[in-house]
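Q: Sequence and predicted structure, then a few things I'm wondering about:
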Amino acid sequence: MANFLEIETITKYFNIANGPVKALENINFEVASGELICLLGPSECGKTTLLRIIAGLEKQESGQILLNGQAIDASGPERGMIFQEPRLFPWLTVEENVGFGIKGRYGKKLLQTIGQELLEIVGLSEFAKAWPSQLSGGMAQRAAIARALAADPLILLLDEPFAALDAQTRTKLQTDFLSLWQSTHKTCIHVTHDIDEALILGQRIIVMHPSPGRIKKIIPNPFPYPRCPDDPDFITLKKELRDSFLP
Ligand SMILES: Nc1ncnc2c1ncn2[C@@H]1O[C@H](COP(=O)(O)OP(=O)(O)OP(=O)(O)O)[C@@H](O)[C@H]1O
């Protein structure tokens, strides 16, 4: 199980007008195949930067990412990214958006079948021919999840995908995302700044701190699913997470 994905001594600087800013310092952790990890931390602690480095969209100054023992330093179809905003192409239908990334690989008919299957999984079958402008925020994010799944990645990298949604929609998408994770066995790294979301979703919670972005604590979350953050069993863990947020 261990050593599927290894994040080894990652350090990252950004050059800004006042000089270099250390966005990440000595980040180390491993992810098992099929694991659901939450990266939790306040603004500017480097969560997005770390996710982008794992996705191959950003280069680190030092350290490496290993997938099944092989160093990776560019993006690849085995890693699918889901952003806070759905980023659907407005000129394509929902179904066309879902199939966009795999268009060259399959014929039109098969592409349509794959699109229909994925839209069914995310509960959007009836909106295959709709335009992105006709979807609610939650529906658009479901379509974005289906699009990320289209390439059948081993790893889903989710950058606060539910943060812009209202509370009720967020709860529903969290539940549906858990079902999806349990049925697909994808390895997921889910970024959030919301303690309750990390408690509901993560098998392990990696707490990060800013200035420079670093790992403060890695907390196992062994409670069975489905979880409710107000469950009395959660109180100790929730307190530990709250305390770990403190400087
Ligand atoms: N392209 C960039 N150019 C310069 N500095 C950057 C860039 N991207 C990120 N940073 C800096 O790196 C640090 C980490 O930012 P990052 O966006 O990764 O944090 P975050 O935890 O995802 O924050 P948030 O929750 O607000 O999105 C911050 O100080 C940020 O200003």
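A: Noted; the coordinates are in hand. Residues are numbered from 1 along each chain as shown.
Q: Up against the ligand, what does the protein have?
A: 14, 16, 21, 23, 41, 43-49, 193, 213 (C-beta under 6 Å from any ligand atom). Glycine gets a C-beta too; all of them are placed from N, C-alpha and C.
Q: Distance check, the closest residue to residue 213 other than its chain neighbours against residue 78.
A: Spatial nearest neighbour of residue 213, chain neighbours left out: residue 46 (2.4 Å); criterion: C-beta to C-beta, 6 or more residues apart in numbering. For residue 46, the distance to residue 78 (C-beta to C-beta, to the nearest Å) stands at 23 Å.
Q: Same drill for these two, tell me which one is more crowded.
A: More neighbours surround residue 46 than the other of residue 46 and residue 78, with 26 against 14 (other C-beta atoms under 10 Å).
Q: Look up phi and psi at residue 189.
A: The phi and psi values for residue 189, taken as degrees, to the nearest 10, are phi -120, psi 110.
Q: Correction: the previous question concerned residue 211.
A: phi 60, psi 70.
Q: so where's the chain shaky on pLDDT?
A: Counting by pLDDT under 70, the chain contains low-confidence ranges at 1-2.
Q: 80 instead, please
A: 1-3, 104, 106, 229, 233, 246-247 (pLDDT under 80).
Q: okay, now the domains of it?
A: For the chain, the TED database gives the domain ranges 1-73+155-171+186-246, 79-152.
Q: and the most centrally placed residue in the chain, what helix or strand is that in?
A: By C-alpha atoms, centre = their mean, the chain has its centre lying nearest to residue 158, at 1.5 Å. Using DSSP states H and E, the element containing residue 158 is strand 155-159.
Q: partner strands of that strand, parallel or antiparallel?
A: Strand 155-159 has its sheet partners listed here by DSSP bridges as strand 79-82 (parallel), strand 187-192 (parallel).
Q: Does anything pack onto the helix or strand just after the longest one? Which helices or strands?
A: Note on strand 187-192: by DSSP H and E, the next helix or strand toward the C-terminus is helix 195-201. For helix 195-201, the contact count by 3 or more C-beta pairs under 8 Å, 6 or more residues apart in numbering; DSSP states H and E identifies strand 36-40, helix 167-184, strand 187-192, helix 235-245 as packing neighbours.
Q: Can you spell out which residues form a bridge with residue 36?
A: Residues in beta-bridge contact with residue 36 (DSSP bridges): residue 188.
Q: Sorry, wrong one. I was asking about residue 71.
A: Where residue 71 sits in a bridge, its partners, by DSSP bridges, are residue 66.
Q: Please convert the helices and strands packed on helix 195-201 to TSV, extending it with distance to residue 111.
A: TSV is the format used below for these (distance: least, C-beta to C-beta, whole Å):
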stretch	distance to residue 111
strand 36-40	29
helix 167-184	20
strand 187-192	25
helix 235-245	43
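Q: Looking at these, which is nearest to residue 28?
A: Minimum separation from residue 28 across the helices and strands packed on helix 195-201 (C-beta to C-beta) falls at strand 36-40, 13.3 Å.
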